[in-house]
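Engineer: Below: sequence and its predicted model.
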Amino acid sequence: MDSHVFSPANAEHYATTMRRGIDVLTDHLASVEQPFSGRSVADVARTVDAVDLDQPVDVESALAELRDVYLDDAVWFHDAGYAAHLNCPVVVPALLAELFVSAVNSSLDTWDQSAGGTLIERRLVDWTTGRIGFADGADGVFTSGGTQSNLQALLMARGETFLRGHVDPGLAYNESLSRFRVFCSRDAHFSVQKSATILGLDADAVVPVDVDARHRMDPVALERALHDCLARGLVPMAVVATAGTTDLGAIDPLGPVADLCAEHGVWMHVDAAYGGGLLASRRRRHRLDGIERADSVTVDFHKTFFQPVSASAVLVRDAGALRHVTYHAEYLNPRTANLPNQVDKSMQTTRRFDALKLWMTLRTMGADAVGDGFDTVIDLAHAAADWVREQDDLLLRAEPELSTVVLRYQPGGVDDDHADELNPRIRQALWRDGRCVVAGTKVEGRSWLKLTLLNPATTLDDVVRVLERVRAAGDDLLEHDRQGVAS
Ligand SMILES: *Cc1c(COP(=O)(O)O)cnc(C)c1O
């Protein structure tokens, strides 16, 4: 064991091992030629299963083995052929911080496990609430991701709804809870529904609100839904406005939603898991105008701030709302503790010091560089959309809202139903080939392909290469189908 944990006596071994890891990693990153190997689940499983976990090997052998079991078939987000989900290539300062996060291993629950780290996280929470435009008295906490941030936001909304006196005091807790409703656009992230279920709300507690042609929540439809809710004696617990939907990047109209929330005394949550990067943008920050009127906000730094997983935060206008996750334990954070304990604000106990990654990023790159990175991929999405528009056999769904481009392969003679069947197969064919990875989705019942562009180093030529592969795969499948019919 002694050579496996750091001690001053083995500092050299420690450093050599770490440097060796960096060498293997860098070599591998540099040798990546496509985002995925194309290997099947069964093939990869055979390699992983072949390892005998009860037979340890030396570090060199384990690193060599790591190529086989992981690196060779990993999905590489820094490769220009990767254009599928909201995964970003990570910035170097964040990676550098990651080394310290894991090596020091602070746990951000109590001061006596994270002295200093607690204050760094607090500064970053303040930095973020400042960018949002919250006044003094705001607060928040880092979380593992947007799903958890949304869950905590809705947990606070649930607690505040009880406290705000919207509830008939004659009712039992569960009866009250069963009347709570959460409003979000039809395109909101599925974590809203998941959170509602976890929080004990009714199966039909989440009310999907209609969207406009650009898939933004329609405020008139929201107003109607709120009135309908109240007329039925139900209790609006929260409105979740999405600032950047996962598929189309649509940003709900934050000002009008805030007006309706204010009018009815309803908690407003903004899910800016994707669009949060606009907080650092020098050219597009105005697209989040109105976010400062929210009660809570989700920001995923591991998406549009180019941070390694995991790094997210939930921010609140009024620090008081964090009371709904405050519990005390004698061994951890007794009521009498006069120290800054982040566990009082978090749903987690032991928690990574993910904030340090953002700290190092801001300290060495600066926020403008981060925002420029997001602006660059949004520009790229518009340029890619222009290119798609000029192709006869590719159909652009709409002008991009953020950095996703939604399109489909549909040459003349292929009707809508046929294209619906063809495009998911194109996606699978590309996945099996491995030279590019694209996502798929359904919009208004139709199948589309989706490129999510989050790599600022990717060029229009790179994206065109991906789109040409989409076309080639589509042509192949069509040809194959026609021959199948002929024979
Ligand atoms: C990605 C995403 C989430 C979920 O975030 P995770 O970090 O994956 O948990 C929530 N909302 C939106 C709009 C997202 O795009």
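Structural biologist: Perfect, thanks for sending it. Predicted model, so just to flag it, every value in this text is computed and none were measured.
Engineer: So which residues of the stretch 151-300 of the chain form strands?
Structural biologist: Taking DSSP state E, counting those that start in this stretch as the test, the strands found in the stretch 151-300 of the chain are 180-185, 206-209, 235-242, 267-272, 296-300.
Engineer: Would you format those strands as JSON lines with mean neighbour count and mean pLDDT included?
Structural biologist: Quick note: C-beta positions are derived from backbone N, CA and C, even for glycine. Shown next, in JSON lines, are the strands of the stretch 151-300 of the chain (neighbours: other CB atoms under 10 Å; pLDDT from 0 to 100):
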{"stretch": "strand 180-185", "mean neighbour count": "26", "mean pLDDT": "98"}
{"stretch": "strand 206-209", "mean neighbour count": "20", "mean pLDDT": "98"}
{"stretch": "strand 235-242", "mean neighbour count": "28", "mean pLDDT": "98"}
{"stretch": "strand 267-272", "mean neighbour count": "29", "mean pLDDT": "98"}
{"stretch": "strand 296-300", "mean neighbour count": "30", "mean pLDDT": "98"}
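Engineer: pLDDT wise, what is A486 at?
Structural biologist: Here, the pLDDT recorded for A486 equals 67.
Engineer: tell me which element A135 falls in.
Structural biologist: Using DSSP states H and E, A135 sits within no helix or strand.
Engineer: What about it, how many residues nearby?
Structural biologist: 10 (other CB atoms under 10 Å).
Engineer: try D79
Structural biologist: By the measure other CB under 10 Å, the count of residues near D79 is 21.
Engineer: With T336 instead?
Structural biologist: T336: 7 surrounding residues under other CB under 10 Å.
Engineer: Please apply the same query to E330.
Structural biologist: Using other CB under 10 Å, E330 has 9 neighbouring residues.
Engineer: Those residues of this structure touching the ligand, which are they?
Structural biologist: Residues of the chain that fall close to the ligand, judged by CB under 6 Å from any ligand atom: 86, 145-147, 150, 189, 191, 242, 244-246, 271, 273-274, 300, 312.
Engineer: Out of those, list just those in helices.
Structural biologist: Of these, the ones assigned to helices by DSSP state H are G146, T147, N150, S191.
Engineer: so which of those residues comes closest to the ligand?
Structural biologist: G146 (2.4 Å; CB to the nearest ligand atom).
Engineer: Which residue, other than its chain neighbours, is closest to the closest one?
Structural biologist: Nearest non-adjacent residue to G146, counting by CB to CB, 6 or more residues apart in numbering: A273, 3.3 Å away.
Engineer: was I right about the one you found contacting F305?
Structural biologist: No: using CB atoms under 8 Å, A273 is not in contact with F305, being 11.1 Å away.
Engineer: Give me the common contacts of the two.
Structural biologist: Residues within reach of A273 and of F305 at once, by CB atoms under 8 Å, 6 or more residues apart in numbering, are V299.
Engineer: How about the contacts made by whatever residue of the stretch 251-400 of the chain ends up closest to the ligand?
Structural biologist: Closest contact between the stretch 251-400 of the chain and the ligand, by CB to the nearest ligand atom, is at A273 (3.5 Å). Listed by CB under 8 Å, 6+ apart, the contact set of A273 reads 86, 145-146, 149-150, 189, 244, 246, 298-300, 303, 312.
Engineer: thinking again about what came up before, top of the ones in helices among the residues of the chain next to the ligand by neighbour count?
Structural biologist: Neighbour counts for those (other CB under 10 Å) peak at N150, which has 28 neighbours.
Engineer: Report the spatially closest residue to that one, excluding sequence-adjacent ones.
Structural biologist: With sequence-adjacent residues excluded and distances taken as CB to CB, 6+ apart, N150 is closest to S191, at 4.7 Å.
Engineer: How about the secondary structure of M18?
Structural biologist: Three-state call for M18 (DSSP: H, G, I helix; E, B strand; the rest coil): helix.
Engineer: burial count for it?
Structural biologist: For M18, the neighbour count with other CB under 10 Å is 12.
Engineer: Setting the sequence-adjacent residues aside, check what's closest to it.
Structural biologist: Counting by CB to CB, 6+ apart, L99 is the residue found nearest to M18 once chain neighbours are left out, at 7.7 Å.
Engineer: same thing with L201?
Structural biologist: Excluding the flanking residues, the one nearest L201 by CB to CB, 6+ apart is F180, at 5.5 Å.
Engineer: likewise H166?
Structural biologist: Closest residue to H166 apart from its sequence neighbours, by CB to CB, 6+ apart: V235 at 5.2 Å.
Engineer: What of V51?
Structural biologist: Once flanking residues are discounted, V51 sits nearest to V69: 6.2 Å by CB to CB, 6+ apart.
Engineer: List the residues that contact that neighbour.
Structural biologist: Per CB under 8 Å, 6+ apart, neighbours of V69: T47, V48, V51.
Engineer: Next step: those restricted to helices.
Structural biologist: Among the contacts of V69, the members falling in helices (DSSP H) are T47, V48.
Engineer: If you rank the contacts of V69 by neighbours, which is first?
Structural biologist: Tallying neighbours with other CB under 10 Å puts T47 at the head of the contacts of V69, with 15 neighbours.
Engineer: now that residue: how far from the ligand?
Structural biologist: Separation of T47 from the ligand (CB to the nearest ligand atom, to the nearest Å) stands at 27 Å.
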